[in-house]
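S.K.: below: sequence and its predicted model.
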Amino acid sequence: MKLIILDRDGVINQDSDAFIKSPAEWIPIPGSLQAIARLNQAGYTVVVATNQSGIGRKLFDMATLNAIHQKMHTAAQQVGATIDAVFFCPHTADDNCDCRKPKPGMLHEISRRYDINLKGIHSVGDSLRDLQSGFMMGCVPHLVLTGKGVKTQEKGGLPPGTQIYPNLEAMVDQLLSNSLQAELNFAV
């Protein structure tokens, strides 16, 4: 199975320091949904792993989060993209849960749900905690410079081997180009 794990805010859609609290505030980053469609066409199962502490902070409720995700799924489908599943952590940092990134609880759940070892699976995020949770599970870390990505890059301390791209679209271009090259080399 070809699986890829994406963060949501700052990778697929525009981020906000005030949180994405309604479907109206969920705005896709140009090219991100088309990039997901290209991943699907190349045989990838796309899943999202996202911290959503706005629920724990009582900024929005589960019905609102579901509506935001319904908007995301609908917008993706309109360009031929499918997001197979969304895994989320509703807790605040003070809750000290196992699922809030940088802890790997959500990724453990993805591994169980898809019955797959995540070693070598591509994980894409715009924050250090996104990269750290994937790295702990053996994922290949990819930083996009959308959302909080530029600040994350400037702070440094990225996991070893982190690859950096301007956005999800550029990351997917490189991933699919590398996959095609590997297939061509294998065929020779």
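M.R.: Everything's here; your move. Residues are numbered from 1 along each chain as shown.

S.K.: hey, let's count contacts and neighbours off CA atoms from now on
M.R.: OK.

S.K.: just name the shakiest helix or strand of the protein by mean pLDDT.
M.R.: Lowest by mean pLDDT, DSSP states H and E among the helices and strands of the chain is helix 168-187, with a mean of 81.

S.K.: can you tell me how far the residue most central in space within the chain sits from Val144?
M.R.: Using Cα atoms, centre = their mean, the residue of the chain that lies closest to the mean C-alpha position is Leu6, 1.5 Å off. According to Cα to Cα, to the nearest Å, Leu6 and Val144 sit 11 Å apart.

S.K.: what touches both of these two?
M.R.: Shared contacts of Leu6 and Val144, defined by Cα atoms under 8 Å, 6 or more residues apart in numbering, comprise Val124, Gly125.

S.K.: ok, Asp61 touching Ile55?
M.R.: Yes. Taking Cα atoms under 8 Å as the definition, Asp61 is a contact partner of Ile55 at 5.5 Å.

S.K.: higher neighbour count, these two?
M.R.: Taking other Cα atoms under 10 Å, Asp61 and Ile55 do not tie; Ile55 has more neighbours (18 against 15).

S.K.: am I right that that one falls within a strand?
M.R.: No. Counting by DSSP: H, G, I helix; E, B strand; the rest coil, one finds Ile55 to be coil, located in no strand.

S.K.: hang on, it packs against His91?
M.R.: Yes. Assessed by Cα under 8 Å, Ile55 is found in contact with His91 at 7.0 Å.

S.K.: low pLDDT regions in the protein?
M.R.: Filtered on pLDDT under 70, the chain yields the residue ranges 180-188.

S.K.: that one: strands as residue ranges?
M.R.: For the chain, the strands defined by DSSP state E occupy 2-6, 44-51, 85-89, 122-125, 140-144, 163-165.

S.K.: what's in contact with the fifth one?
M.R.: When contacts are taken as Cα under 8 Å, 6+ apart, the neighbours of strand 140-144 outside the stretch itself are 11, 119-127, 131, 134-135, 149, 159, 161-168, 171.

S.K.: of the strands of the chain, which is nearest Leu175?
M.R.: Closest approach to Leu175 among these is made by strand 122-125 (9.1 Å; Cα to Cα).

S.K.: please name every helix or strand in contact with that closest one.
M.R.: Judged by 3 or more Cα pairs under 8 Å, 6 or more residues apart in numbering; DSSP states H and E, the packing partners of strand 122-125 are strand 2-6, helix 128-136, strand 140-144.

S.K.: paired strands for that strand, with orientation please.
M.R.: Paired strands of strand 122-125, with direction, are strand 2-6 (parallel), strand 140-144 (parallel) (DSSP bridges).
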